[in-house]
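*Asks:* predicted model, plus sequence, below.
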Amino acid sequence: MTYTAKTKNQLRGESGSLLKKLGTEFGLIDTEIDKFKEEFLTIGPLLATGATTFRIDFPFAVTIDKAILFTTVAIDASSNFWLKNAAGTGMTDGSANAYGAVATRQTITPTANNTIAADASMNVVCDGAASTGEVLMQLAYTRNTD
């Protein structure tokens, strides 16, 4: 059997496709169907001590939808984390202060400058204001195929 790469719109147009059935039989709209395409990447531990830049490479084009920071080692002072695109530009609404006890959660939801081209990278930057602490980051992204 031969498999061919198709865009989501091509798949939606095929009479036997699951996306077509979801859209017609269950009344799901395009944005709800697109939620099935979101992928996750867990990064860490990221130290909240010392100014650090963490690089993340993508072999395919993506849009960064959300980053969730989970404190895994208590952070004694507020440390800032920023999401930056391949050009080094901060993503709009792409920062959070991580602090507090283990299991503290902070969410970053970038609204612009959050598209990464294929074979490019993004950076997570920490100012390192804390003297103790670590976080895990769960990065939610959508592959850009259209």
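*Replies:* Right, received. Where do you want to start?

*Asks:* can you give me the helices for the protein?
*Replies:* Counting by DSSP state H, the chain forms helices over residues 8-13, 18-25, 30-34, given from the N-terminal end onward.

*Asks:* can I get the CA coordinates of the longest strand belonging to the chain in CSV?
*Replies:* Here the longest strand in the chain is taken by residue count, with DSSP state E as the criterion, and it is strand 129-143. Once side chains and other backbone atoms are set aside, the C-alpha atoms of strand 129-143 remain, and they are given as CSV (Å, rounded to 0.1, in the frame of the first residue of the first chain):
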residue,chain,number,x,y,z
ALA,A,129,16.9,35.1,39.5
ALA,A,130,16.4,32.1,41.9
SER,A,131,19.2,30.5,43.8
THR,A,132,17.4,27.1,43.9
GLY,A,133,14.8,25.5,41.7
GLU,A,134,13.9,23.5,38.6
VAL,A,135,10.9,23.3,36.3
LEU,A,136,9.7,20.9,33.6
MET,A,137,8.1,22.5,30.6
GLN,A,138,5.3,20.9,28.6
LEU,A,139,5.3,22.6,25.2
ALA,A,140,2.1,22.3,23.1
TYR,A,141,2.4,23.0,19.4
THR,A,142,0.6,22.4,16.1
ARG,A,143,2.4,21.3,12.9
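
*Asks:* buried residues, it. List them.
*Replies:* Neighbour counts using 16 or more other Cβ atoms under 10 Å place 129-130, 133-135, 137-142 of strand 129-143 among the buried residues. (Each C-beta comes from the backbone N, C-alpha and C, glycine too.)
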